[in-house]
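Trainee: I'd like to go over a predicted model; first the sequence, then the structure.
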Amino acid sequence: MSSEHSINIQSLNLVQDELIVTIENSARELESFVSSGHEDVDALQASINGVQQIAGILKMLELTSASMLAEELLHVANEIPPGASGSAFDKQLEVISNTFFILTRYLEYLQQVRYQVPVLLVPHINALRKLRGEAALPESQFQHISVPDTLAAPPVDKLDITDPAQLKAEFRRARHMYQIGLTGFLREKQVDKSLALMRRAVKRVHRLMGSEQPLAVLWWLADVIFESFMVVHMAPLEMRKFLCMRLERVFRQLVQVPDKAMSAAPPKGLLKEMLYLVVLSDSRTEGAKRLRAQCPSLSLPYTEQALQKEYAALYGPSSHTISSLSYVLQTEISSAKRTLENAATSDTSIVADLDSFVSVLNNIAEIFGVVGLGAAGKSLKEQVSVVETWTDESKITPQAMSNVANTLLYLESLIVDLRNADLSGDGEARATNEGERDAQIANHELSGAIKIVIEESLGGLSLTKRALNSFSDSNYDIGHIKNIVKTLNSIRGAMDLLLFDRVARILQRSVAFVEEVLLDQDPPAAIHEVLETFADVIISVEYYFDSANNRGDMDDTVLKVAEESLRALGYGVEDE
């Protein structure tokens, strides 16, 4: 870290104990105010006085972001009215309580690392500012980023579209594609595929307007950022989502008034934040290299990779705890299943090392209790009591073994939900209902089968994309795409069997397009643009399949992009 982020550790050591005590006392006084039914004004004032003292000490220590966080906390605390109630007030108290915790944790963190990372507190500062109706701070708030006046987008292969109505329609289609990707990104759902859609949309807009327009640099930077996000796996933080939403507003202006929007200067604040993210990514993509060549003086004291480690150090490894537990559970259940299978296939049906097998089952039951699935663990405990009687060979019956196996299969099916935080409130109740348990196991197996079909379909689409690329690179030699029809028909047939009718119709029209247009010996004059549009269809369907969760549910909103693209090619689904 640079000297501007260094701290005077001696000064911090002198006041840290007192500072943490003050933070804890202020939090305690706030709790007293809440416990009094929001009537104890003295407790509220004592909490506010403590926050004021905290802000003063942090400012004296020159802990930039921490002092700003305390000042924002002071503003919010001063706005708490005695006797207040309601969901908005509860949210206010929740944010304040969390801020007390973060302040304490940040001070401990500073002691550990001995330097400041102000950006770590920006999300919490923004949470307080949001309560007051103030604008959010950008992620680059504590960095000096200047946008060069000479910053320009590199040349691009401009699409030859001069008709204003057609140009506006293309902008609208690109915006829709961006919105689909943005929705997935905001929900942190299939992030890479969402970013790929967003990137494709901004690249299309850049090619539609060319690099001569003032706004072109914005779309070029967006392309570089989204590529960097995918390559570096940058975290989808709230501030970064907000930046993407700001970009969508520029899209809206482009669709509403294309000529005026294209000739307008891009917002400086947006460009500054984009430059920050590219430099932060430390990406080595061609786009990032071109940008650095234009801005050689831009640098940051940390990279995205280093920043994520700092976040992990601040917040702790809670996100990894569940993953670790689910891995342990899967390992233990697999071991138990193997032991049971070996016993079932042996001549005597005796479980080798029964004590060890019982110990494994007990461990599994205990871990399920730790993750809040006590009823699921209890159902296994009931089977353990049966297994313990298997020292007597006469007690080992096929039905008893089947019951243990079914319980293990049920618990195994819950691990998928556990990994994806998808356990419903009635999950524990299902553990004691045999019919629902069998349904859960069956759904788990069915989901596994659907997952295999979807993975095979994604593989087929990847082959299709490679074939189309080879077709384009070989000056449109149809030999490269002769197998596309067979591949797409195979996927369509699978979708028909799964009753995914909408995507099946899209694939059927895609097959017709390939047969009647791409495989024609006399290709259309605008074959390059036609291929670009057809690629939108394939990528949209790929995004649809990739959105599948563990139950096989998929987000079909992206299929509208595919349908619009087919319509633009003259092969609309409604034209069947």
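Mentor: Received, thanks. All values derive from a computational prediction rather than experimental measurement.

Trainee: thought residue 559 was touching residue 502?
Mentor: Yes. Proximity of residue 559 to residue 502 meets the contact threshold set by CB atoms under 8 Å, at 5.6 Å. C-betas here are computed from N, CA, C, even on glycine.

Trainee: Which of those two has more residues huddled nearby?
Mentor: Between residue 559 and residue 502, counted using other CB atoms under 10 Å, the more crowded position is residue 559 (22 against 15).

Trainee: In contact with the more buried one, which residues?
Mentor: 502, 503, 506, 540, 541, 544 (CB atoms under 8 Å, 6 or more residues apart in numbering).

Trainee: Let me know the distance separating it from residue 224.
Mentor: Using CB to CB, to the nearest Å, we find residue 559 at a distance of 29 Å from residue 224.

Trainee: which ones are touching residue 335?
Mentor: Residues near residue 335 by CB under 8 Å, 6+ apart: residue 360.

Trainee: right, and the helix or strand after whichever strand or helix holds it?
Mentor: Element membership for residue 335 (DSSP states H and E) is helix 318-345. For helix 318-345, the following helix or strand on the C-terminal side (DSSP H and E) is helix 354-370.

Trainee: Going toward the C-terminus from that next one, what's the next helix or strand?
Mentor: For helix 354-370, the following helix or strand on the C-terminal side (DSSP H and E) is helix 374-387.

Trainee: What are the neighbouring residues in contact with the residue nearest the centre of the chain?
Mentor: Nearest to the geometric centre of the chain sits residue 188, at 2.4 Å (CA atoms, centre = their mean). In this structure, residue 188 makes contact with residue 236, judged by CB under 8 Å, 6+ apart.

Trainee: What does it show for phi and psi?
Mentor: Torsion angles at residue 188 (phi, psi; degrees, to the nearest 10) stand at phi 60, psi 40.

Trainee: tell me the domain ranges of this structure?
Mentor: 3-131, 164-299, 318-432, 445-575 (automatic domain parsing).

Trainee: Deepest-packed of those domains, please.
Mentor: domain 164-299 (a mean of 19; mean count of other CB atoms under 10 Å).

Trainee: gap between the two ends of that one?
Mentor: Taking CA to CA, to the nearest Å, domain 164-299 runs 41 Å from one end to the other.

Trainee: Okay, helices next: where are they in the stretch 101-250 of the chain?
Mentor: Taking DSSP state H, counting those that start in this stretch, the helices of the stretch 101-250 of the chain run over residues 122-131, 164-186, 191-209, 216-232, 238-256.

Trainee: now the shortest one against helix 238-256, angle please.
Mentor: By that I understand helix 122-131. Orientation check (axes from the mean of the first three to the mean of the last three CA atoms, to 10 degrees): helix 122-131 against helix 238-256 gives 60 degrees.

Trainee: likewise the second one?
Mentor: Note on geometry: by the same axes, to 10 degrees, helix 164-186 and helix 238-256 are set 170 degrees apart in direction.

Trainee: how about the domains of the chain in TSV, adding distance to residue 143 and mean pLDDT?
Mentor: Formatted as TSV, the domains of the chain follow (distance: least, CB to CB, whole Å; pLDDT from 0 to 100):
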stretch	distance to residue 143	mean pLDDT
domain 3-131	8	86
domain 164-299	6	93
domain 318-432	26	74
domain 445-575	34	89
